[in-house]
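Q: Provided below are the primary sequence and the corresponding predicted coordinates.
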Number of protein chains: 2
Amino acid sequence: MANPTAAMLVIGDEILSGRTRDSNLHYLAGELTRSGIDLREARVVADDHAAIVAAVRALSAAHDHVFTSGGIGPTHDDITADAVAEAMGAPISHRADAMALLQAHYDRQGMPFNEARQRMARIPEGARLIDNPISVAPGFSIGNVHVMAGVPKIFEAMLAGVLPTLTGGAPLLSQTLRVLRGEGEIAADFAALAAEYPDLSMGSYPFSLNGAFGTNLVIRGSDPARLDAAMVRLTGLFG
Amino acid sequence: MANPTAAMLVIGDEILSGRTRDSNLHYLAGELTRSGIDLREARVVADDHAAIVAAVRALSAAHDHVFTSGGIGPTHDDITADAVAEAMGAPISHRADAMALLQAHYDRQGMPFNEARQRMARIPEGARLIDNPISVAPGFSIGNVHVMAGVPKIFEAMLAGVLPTLTGGAPLLSQTLRVLRGEGEIAADFAALAAEYPDLSMGSYPFSLNGAFGTNLVIRGSDPARLDAAMVRLTGLFG
């Protein structure tokens, strides 16, 4: 059976202005690969209501899962929850369970649970809360969309709570052969081998390191025996 | 006059599998911000013909410029040129100008200009070549789509050739105030200030460093006087 598919949506002006370098996509990609969920595409959009709504709708319709990062804090530029609610056709309000979590947190800290902080309890109707073990304000899952924070440590902690609840497939495995030849030299034989193994994906990635040029040849697939067989052939060709 | 808009399309299985961490988006974002071109969205797709064609069409129709990275090498998984040609409705072939560049390069190196390397001369009809000062194989611009390599050093060198040919607007400027308070504490006053300056964009980004929590308050805009005025107000509120 084919693995479930996924998309990521990164939300935030700071990524598109070059102020912040996103690291959540790379982290999610590695975690999904281990879980046997195929990450098929990613998008980055600004803190723009219409752009978020359109992207969530398109990705939610096209994939089994959508993971979002960013825009769920207490300030005026945090508009993800409302946009996701609209995209999924759900009403949104300050939900009692999220209000209680946050109220208890700010009480413990001796800090006022003011209107801005209460924004973080805006959760669409029917959503399941995603635990935030770092700063309490929860993420949420609604339909096939999992809404998480942009701060990498919190994103990673939330993802650790979500992933075990999803049904993955066979993990995507990969093996790499590093050769000190240019891509153009190995391309023909490599393409012929790839054509013999249509169930595997083969890619080549050139590198230069201390003046040496070479290519990493990567084979990906979920059947370890097929991967081993192709790797033996690859090593015979170029090893 | 509003600044021109742009989108980026990152192409490659290796990004979505978590093997490679993309750095071209962050680099492009910084360069476009300096050039006064508004990067509005980015997408990452796999080495998949249909996915590339669909993304190029959507982004090319929605923005003034599209910048792509990845998939223009000599191996079977390098399919960007053909996909972009289809998306833009242009025929594609081994073009004489690109063949001549590459032939001369491999002659100089004493390396065979084989069929795989000749793939890198596949350029859509009507496209303008983008100079590659590092490894010769050119990128190209067709319509509003600028097709560049995925290897960061080559991407950056190609971009340096393309950007001066584009008409930018006023550079997007930003100023940051770092405060040792949580987002929830400053949110109400910050939102009120943002509402007073609808021509500027204001964002808040929490950080924790050595156990201290704080927030970077960022104001972005292209009018330096307005930016300064807002910054004086911001510093009065929180400085």
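A: Thanks, I have it. All of these numbers come straight from a predicted model, not from anything done at the bench.
Q: so where do the strands sit in chain A?
A: In chain A, the strands defined using DSSP state E lie at A:5-11, A:38-45, A:65-69, A:92-94, A:122-124, A:128-130, A:139-142, A:145-148, A:173-179, A:201-209, A:212-221.
Q: For the residue most central in space within chain A, give its distance to A:M158.
A: Taking Cα atoms, centre = their mean, the centroid of chain A lies closest to A:L28, which sits 3.7 Å from it. Distance, A:L28 to A:M158, using Cβ to Cβ, to the nearest Å: 11 Å. For every residue, glycine as well, the C-beta is placed using N, CA and C.
Q: For A:T20, list the residues it contacts.
A: Neighbour list for A:T20: A:G12, A:E14, B:Y205 [criterion: Cβ atoms under 8 Å, 6 or more residues apart in numbering or on different chains].
Q: give me the number of residues near the second one?
A: Think A:E14. 23 (other Cβ atoms under 10 Å in any protein chain shown).
Q: ditto for the last one
A: If you count neighbours by other Cβ under 10 Å, B:Y205 ends up with 21.
Q: Mind jotting down where the helices sit in chain A?
A: A:13-16, A:24-35, A:49-62, A:80-87, A:96-109, A:115-118, A:152-162, A:183-196, A:224-238 (DSSP state H).
Q: Can I get those in CSV including mean pLDDT and distance to chain B?
A: Shown next, in CSV, are these (pLDDT from 0 to 100; distance: least, Cβ to the nearest Cβ, whole Å):
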stretch, mean pLDDT, distance to chain B
helix A:13-16, 96, 5
helix A:24-35, 96, 3
helix A:49-62, 98, 7
helix A:80-87, 98, 13
helix A:96-109, 96, 8
helix A:115-118, 96, 3
helix A:152-162, 96, 8
helix A:183-196, 96, 3
helix A:224-238, 96, 13
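Q: now these in a markdown table, with distance to B:P164?
A: Shown next, in a markdown table, are the helices of chain A (distance: least, Cβ to Cβ, whole Å):
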| stretch | distance to B:P164 |
| --- | --- |
| helix A:13-16 | 22 |
| helix A:24-35 | 30 |
| helix A:49-62 | 29 |
| helix A:80-87 | 37 |
| helix A:96-109 | 51 |
| helix A:115-118 | 44 |
| helix A:152-162 | 35 |
| helix A:183-196 | 29 |
| helix A:224-238 | 41 |
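Q: Would you mind saying which of those lies nearest B:G211?
A: Among the helices of chain A, helix A:152-162 comes nearest to B:G211, with 13.5 Å by Cβ to Cβ.
Q: Packing partners of that closest one?
A: helix A:24-35, strand A:65-69, strand A:128-130, strand A:139-142, strand A:145-148 (3 or more Cβ pairs under 8 Å, 6 or more residues apart in numbering or on different chains; DSSP states H and E).
Q: buried ones in it?
A: Judged by neighbour count using 16 or more other Cβ atoms under 10 Å in any protein chain shown, the buried positions of helix A:152-162 are A:I154, A:F155, A:E156, A:A157, A:M158, A:L159, A:G161, A:V162.
Q: Now the residues you listed in a markdown table, please, with extra columns for distance to B:A54.
A: Formatted as a markdown table, those follow (distance: Cβ to Cβ, whole Å):
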| residue | distance to B:A54 |
| --- | --- |
| A:I154 | 33 |
| A:F155 | 28 |
| A:E156 | 31 |
| A:A157 | 34 |
| A:M158 | 30 |
| A:L159 | 28 |
| A:G161 | 33 |
| A:V162 | 28 |
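Q: coming back round to it: for the strands of chain A, could you give me a markdown table that also reports mean pLDDT and distance to B:D223?
A: Shown next, in a markdown table, are those (pLDDT from 0 to 100; distance: least, Cβ to Cβ, whole Å):
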| stretch | mean pLDDT | distance to B:D223 |
| --- | --- | --- |
| strand A:5-11 | 98 | 26 |
| strand A:38-45 | 97 | 25 |
| strand A:65-69 | 98 | 31 |
| strand A:92-94 | 97 | 35 |
| strand A:122-124 | 98 | 33 |
| strand A:128-130 | 98 | 40 |
| strand A:139-142 | 98 | 37 |
| strand A:145-148 | 98 | 34 |
| strand A:173-179 | 95 | 49 |
| strand A:201-209 | 89 | 43 |
| strand A:212-221 | 91 | 47 |
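Q: Switch these over to JSON lines; also include distance to A:M111.
A: Formatted as JSON lines, those follow (distance: least, Cβ to Cβ, whole Å):
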{"stretch": "strand A:5-11", "distance to A:M111": "26"}
{"stretch": "strand A:38-45", "distance to A:M111": "32"}
{"stretch": "strand A:65-69", "distance to A:M111": "25"}
{"stretch": "strand A:92-94", "distance to A:M111": "18"}
{"stretch": "strand A:122-124", "distance to A:M111": "19"}
{"stretch": "strand A:128-130", "distance to A:M111": "21"}
{"stretch": "strand A:139-142", "distance to A:M111": "21"}
{"stretch": "strand A:145-148", "distance to A:M111": "23"}
{"stretch": "strand A:173-179", "distance to A:M111": "47"}
{"stretch": "strand A:201-209", "distance to A:M111": "49"}
{"stretch": "strand A:212-221", "distance to A:M111": "48"}
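Q: contacting residues around stretch A:185-192?
A: For stretch A:185-192, using Cβ under 8 Å, 6+ apart, the contacting residues are A:179, A:202, A:204, A:215, A:217, A:234, A:237-238, B:74-76, B:111, B:114-117, B:119.
Q: go on, stretch A:224-234?
A: So stretch A:224-234 is contacted by A:173-175, A:177, A:190, A:193, A:196-197, A:199-200, A:202, A:217, A:219, A:221 (Cβ under 8 Å, 6+ apart).
Q: tell me the domain ranges of chain A?
A: A:5-165, A:173-238 (automatic domain parsing).
Q: ok so, going back, tell me which of the helices of chain A sits nearest to B:A100.
A: Of the helices of chain A, the one closest to B:A100 (Cβ to Cβ) turns out to be helix A:183-196, at 16.8 Å.
Q: Distance from the chain centre to the closest one, please.
A: With Cα atoms, centre = their mean, to the nearest Å as the basis, helix A:183-196 stands 31 Å off its chain's centre.
Q: how about that helix: buried residues?
A: A:E183, A:G184, A:E185, A:I186, A:A187, A:F190, A:A191, A:L193, A:A194.
Q: could the residues you listed be laid out in JSON lines, adding distance to B:I52?
A: Formatted as JSON lines, the buried residues of helix A:183-196 follow (distance: Cβ to Cβ, whole Å):
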{"residue": "A:E183", "distance to B:I52": "19"}
{"residue": "A:G184", "distance to B:I52": "22"}
{"residue": "A:E185", "distance to B:I52": "26"}
{"residue": "A:I186", "distance to B:I52": "24"}
{"residue": "A:A187", "distance to B:I52": "20"}
{"residue": "A:F190", "distance to B:I52": "21"}
{"residue": "A:A191", "distance to B:I52": "18"}
{"residue": "A:L193", "distance to B:I52": "23"}
{"residue": "A:A194", "distance to B:I52": "18"}
